[in-house]
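Peer 1: Let's see this in three dimensions:
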Amino acid sequence: MAVDKSAAATFRLLWETKESARSTLSVDSIVETAIALADAEGLGAVSMQRVAGELGYTAMALYRHVPGKNQLVALMVDRAQGNPPAESGQGWRTEIRNWADAAWDFYLAHPWTLRVATHGAPTGPNELAWFEALLRPLAQSGLAAEHLTATAMFVSSSVRDLARIATEIVPSGSDYGDLLAEVVQAERFPTLSSLTSAAALEDDGDVRPALDFGLDLIIDGLAARTS
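Peer 2: Sure, this is the predicted structure:
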């Protein structure tokens with residue numbers, strides 16, 4: 001099987017960073033400056049040239065430490081994630097909820113990370129630490145080993161996508177239900193029609209309750225499956 005040289009280079013950079021004592025420019029300073037730019041102006045503001053300018057160097061100087069923007073973004077995401085929440089000792093149900101809460105807070109604090117395309121499984125040290133922190137309580141629930149990764153992917157993807165919606169959605173209030181009532185016919189959309197009639201489709205832009213409800217369903221399902 002052929003090895004993706006770019007992915008291999010990124011992997012080594014994430015795990016084997018070595019700084020030069022002869023220069024004040026470092027991977028750490030580059031990544032931290034890039035994160036600050038993304039937090040303030042979005043991922044689109046981050047370029048090798050812009051980061052270099054913020055640090056008072058040329059773009060060529062950055063390339064001696066970070067091969068390109070793809071590697072820089074990978075480093076940014078892993079660094080911004082930091083450490084996962086510590087174990088609370090309150091049982092696997094609480095640990096899963098704590099993980100989801102921390103992941104939600106991370107995404108809302110760094111919404112640019114939601115615009116970074118996912119190209120594969122987690123590889124960075126912090127990414128893997130977060131993955132481990134979710135796998136652990138799932139395993140403690142009694143879930144079979146062959147289902148752990150799939151369930152972790154489902155939970156993490158749900159948190160990420162709902163956080164993305166939360167950072168993009170424009171609340172339409174009760175107007176949404178009123179607009180739907182004009183076009184939704186019971187013959188074609190019976191369930192939507194019943195929700196519209198019950199005024200259950202008001203859009204206040206708050207998607208967090210959807211995450212909490214979904215987590216409860218998953219946790220209750222795990223408990224029932226493994227009991």
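Peer 1: Need the phi and psi values for the residue nearest the centre of the chain.
Peer 2: Centroid-nearest residue in the chain: R160, 4.4 Å away (criterion: C-alpha atoms, centre = their mean). With angles defined as degrees, to the nearest 10, R160 sits at phi -60, psi -50.
Peer 1: Can you verify my assumption that it contacts Y107?
Peer 2: Yes - using C-beta atoms under 8 Å, R160 is in contact with Y107, at 6.6 Å. In this view, the C-beta of every residue, glycine as well, is placed from N, C-alpha and C.
Peer 1: from memory L215 sits against E95, does it?
Peer 2: No - L215 is beyond contact range of E95, at 11.8 Å (criterion: C-beta under 8 Å).
Peer 1: Between these two, which has more neighbouring residues?
Peer 2: Between L215 and E95, counted using other C-beta atoms under 10 Å, the more crowded position is E95 (22 against 19).
Peer 1: list the contacts for the residue nearest to the more buried one when sequence neighbours are not counted?
Peer 2: Nearest non-adjacent residue to E95, counting by C-beta to C-beta, 6 or more residues apart in numbering: P137, 3.6 Å away. Residues counted as contacts of P137 (C-beta atoms under 8 Å, 6 or more residues apart in numbering) are W92, R93, E95, I96, W99.
Peer 1: Let me have the residues you listed in TSV, adding pLDDT, distance to L62 and secondary structure as columns.
Peer 2: Output for the contacts of P137, formatted as TSV (pLDDT from 0 to 100; distance: C-beta to C-beta, whole Å; DSSP: H, G, I helix; E, B strand; the rest coil):
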residue	pLDDT	distance to L62	secondary structure
W92	96	43	helix
R93	96	45	helix
E95	96	39	helix
I96	96	39	helix
W99	97	34	helix
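Peer 1: okay if I get the residues you listed as a markdown table plus distance to T58?
Peer 2: Output for those, formatted as a markdown table (distance: C-beta to C-beta, whole Å):
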| residue | distance to T58 |
| --- | --- |
| W92 | 51 |
| R93 | 53 |
| E95 | 47 |
| I96 | 47 |
| W99 | 42 |
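Peer 1: ok, of those, which come out buried?
Peer 2: W92, R93, E95, I96, W99 (16 or more other C-beta atoms under 10 Å).
Peer 1: The fourth one and P84, how far apart?
Peer 2: For I96, the distance to P84 (C-beta to C-beta, to the nearest Å) stands at 12 Å.
Peer 1: can you list the domain ranges for this structure.
Peer 2: For the chain, automatic domain parsing gives the domain ranges 5-79, 85-169+205-226.
Peer 1: Distance to S194 for those - can I get that in JSON lines?
Peer 2: JSON lines is the format used below for the domains of the chain (distance: least, C-beta to C-beta, whole Å):
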{"stretch": "domain 5-79", "distance to S194": "40"}
{"stretch": "domain 85-169+205-226", "distance to S194": "19"}
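Peer 1: and the residue located most distally from the centre of the chain, what pLDDT?
Peer 2: Distance from the centre of the chain peaks at E187, with 39.5 Å (C-alpha atoms, centre = their mean). pLDDT, E187: 84.
Peer 1: For it, give me phi and psi.
Peer 2: phi -70, psi -40.
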